[in-house]
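Chemist: Need the 3D shape of this:
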Amino acid sequence: MRLGLEKQPFPHYDMKIGDEAYSDMSITLSPRISAGNRTIIKNLIEKYNPKVKIEESKLLGLI
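Modeler: As a prediction, this is how the structure comes out:
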């Protein structure tokens, strides 16, 4: 079995998030994020929630 690739019992899950949660949101980036994906994340934040805090992984540089 390959972890994370097994068939899920549902096709997707839509999580409802209250508006107040958006004001206190933070995103922790993968320690192995590519420059391109970092740019995509920054653009999405700029468009949808400029208040979000971006945090680097504590594993950055370790793996």
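Chemist: since we're on Asp24, how many residues are nearby?
Modeler: Here the count is done by other C-beta atoms under 10 Å, and Asp24 has 9 residues near it. Bear in mind the C-beta positions are built from the backbone N, C-alpha and C, glycine included.
Chemist: what helices or strands is whichever helix in the chain runs longest leaning on?
Modeler: Among the elements of type helix in the chain, defined by DSSP state H, the one spanning the most residues is helix 35-48. The elements that helix 35-48 packs onto, with contact taken as 3 or more C-beta pairs under 8 Å, 6 or more residues apart in numbering; DSSP states H and E, are strand 53-55.
Chemist: and the strand it packs on, how far from the chain's centre?
Modeler: In terms of C-alpha atoms, centre = their mean, to the nearest Å, the gap separating the centre of strand 53-55 from the centre of its chain is 10 Å.
Chemist: Got the phi and psi for the residue positioned nearest the centre of the chain?
Modeler: By C-alpha atoms, centre = their mean, the mean C-alpha position of the chain lies nearest to Ile27, the distance being 5.4 Å. According to degrees, to the nearest 10, the main-chain angles of Ile27 amount to phi -120, psi 130.
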